[in-house]
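K.L.:
predicted model and sequence follow; I will ask about them next.
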Amino acid sequence: MKLKLVGTNNDVIEKTYEEFLEEIKPNSFFYFHKDTSYKDLKDLIDKLEEKGHSVYFREVKYGLDEGAYMYELHII
């Protein structure tokens, strides 16, 4: 599973599920590029909840264009 995260300079960073799990800290926010598969993100959320994390997930629109969005994942 490849995850495409949005970096601080709006660059796309590709990570595997295992690499992503290494970065998880309590109260973390992650932003995913719109090209990241919604199904992969739902699978990721399910796996995180199985590990005991609480997860808040939403789509964030940042412009008027339909394609101007990204996904936000807040791990509590």
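P.N.:
Done, it's in.
K.L.:
and Thr30, what does it touch?
P.N.:
Check again: residue 30 is Phe, not Thr. Applying C-beta atoms under 8 Å, 6 or more residues apart in numbering to Phe30 gives the contacts Leu5, Phe20, Glu72, Leu73, His74, Ile75. To be clear about C-beta, it is placed using only N, CA and C from the backbone, and glycine gets the same treatment.
K.L.:
so where does it fall, helix or strand?
P.N.:
Of the helices and strands defined by DSSP states H and E, Phe30 is found in strand 28-32.
K.L.:
what angle separates the helix or strand just after that strand from strand 28-32?
P.N.:
Sequence-wise, the next helix or strand downstream of strand 28-32 (DSSP H and E) is helix 38-50. Orientation check (axes from the mean of the first three to the mean of the last three C-alpha atoms, to 10 degrees): helix 38-50 against strand 28-32 gives 160 degrees.
K.L.:
the helix or strand following helix 38-50 pairs with which strands, and in what direction?
P.N.:
Note on helix 38-50: by DSSP H and E, the next helix or strand toward the C-terminus is strand 55-61. When pairs are called by DSSP bridges, strand 55-61 turns out to pair with strand 69-75 (antiparallel).
K.L.:
what lies in contact with the strand it pairs with?
P.N.:
Under the contact criterion C-beta under 8 Å, 6+ apart, strand 69-75 has outside partners 6, 24-34, 36, 38, 41, 44-45, 48, 53-62.
K.L.:
from Lys39, how far off is the closest residue to Lys25 other than its chain neighbours?
P.N.:
Excluding its sequence neighbours, the residue lying closest to Lys25 (C-beta to C-beta, 6 or more residues apart in numbering) is Ile75, at 8.0 Å. The gap separating Ile75 from Lys39 is 19 Å, by C-beta to C-beta, to the nearest Å.
K.L.:
which of the two has more neighbours?
P.N.:
Summary of the neighbour comparison: Ile75 and Lys39, criterion other C-beta atoms under 10 Å, with Ile75 having more neighbours (18 against 9).
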